[in-house]
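Colleague: Below: sequence and its predicted model.
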Amino acid sequence: MAANHHAKIPTLYEWAGGMPVFVTLFDNFYDKVLADGILEPVFKHMSAAHRLHVAHFVAEVLGGPKVYSESEGSHFLMIKKHLKKHLTETHRKRWMELLLETADELALPPDPEFRSAFLAYLEWGTRIAVINSNTDEVTEDPDVPMPRWGWGVPGGPFQG
Ligand code: HEM
């Protein structure tokens, strides 16, 4: 067992590199989205602030500051943004592909522990988005809290 196992375990947000990493990740990602034949039609009407809001949302879920939920929206409002968008598995797969490609280009931490937790959240979030996009009502409580994603089974980042 690592000698420093009592040291404070960083959040996924901290391990990724903090807010500038998330802002750049989604900035570059949505540039790719708008240049993509499958996703451009879905996102062509998004607001200029969309990419920043999603960066703040994901950062908060991964343990970052509550920028999204305290000044931009809530989990409930995020769900509502997806209603009736009629997203398909084809859209979702391309979304995942482009986001993971961007993460590699920006050299987000490559350790198995970080990537497995990051991917788990993205799989969960994108599949929820597809489900919500094919309905026209939210069954969740408007006060449902933001999810807070952790390291899962590995418990923390790679210790060499
Ligand atoms: C973890 C996964 C996801 C998260 C955290 C997320 C988050 C968000 C957030 C926070 C908004 C509101 C943005 C704003 O306030 O401007 C939003 C809107 C939206 N999302 Fe997602 N989303 C996810 C997955 C997806 C996927 C997979 C798709 C489609 C392939 C999608 C399509 C959209 C669309 C079309 C909108 C509305 C854009 C508009 O205002 O025109 N989302 N999403």
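Modeller: Yes, it's here. Numbering: from 1, shown residues only.
Colleague: contacts and neighbour counts: CA atoms only from here.
Modeller: Will do.
Colleague: can you tell me if the helix ranked longest in the chain touches the ligand.
Modeller: What stands out as the longest helix in the chain, according to DSSP state H, is helix 112-133. Yes - using Cα under 6 Å from any ligand atom, helix 112-133 reaches the ligand at 122, 125-126, 129.
Colleague: With neighbour count and distance to residue 49 added, can I get those in a markdown table?
Modeller: Output for the residues of helix 112-133 next to the ligand, formatted as a markdown table (neighbours: other Cα atoms under 10 Å; distance: Cα to Cα, whole Å):
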| residue | neighbour count | distance to residue 49 |
| --- | --- | --- |
| 122 | 17 | 21 |
| 125 | 14 | 20 |
| 126 | 18 | 20 |
| 129 | 22 | 19 |
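Colleague: Spit out the contact partners of the closest residue to residue 155 other than its chain neighbours.
Modeller: Nearest residue to residue 155 in three dimensions, chain neighbours excluded: residue 113, at 8.0 Å (Cα to Cα, 6 or more residues apart in numbering). Residues near residue 113 by Cα atoms under 8 Å, 6 or more residues apart in numbering: 151, 154-158.
Colleague: how far does stretch 39-53 stretch from start to finish?
Modeller: End-to-end span of stretch 39-53 (Cα to Cα, to the nearest Å): 18 Å.
Colleague: average pLDDT for that stretch?
Modeller: Here the mean pLDDT over stretch 39-53 is 97, rounded to a whole number.
Colleague: near the ligand, which residues of this structure show up?
Modeller: 42-43, 45-47, 49-50, 53-54, 57-58, 78, 81-82, 87, 91-92, 95, 122, 125-126, 129.
Colleague: From these, list just the buried residues.
Modeller: 53-54, 57-58, 78, 82, 87, 91-92, 95, 122, 126, 129 (16 or more other Cα atoms under 10 Å).
Colleague: where does residue 85 land in three-state SS?
Modeller: coil (DSSP: H, G, I helix; E, B strand; the rest coil).
Colleague: Which residue, other than its chain neighbours, is closest to it?
Modeller: residue 133 (4.8 Å).
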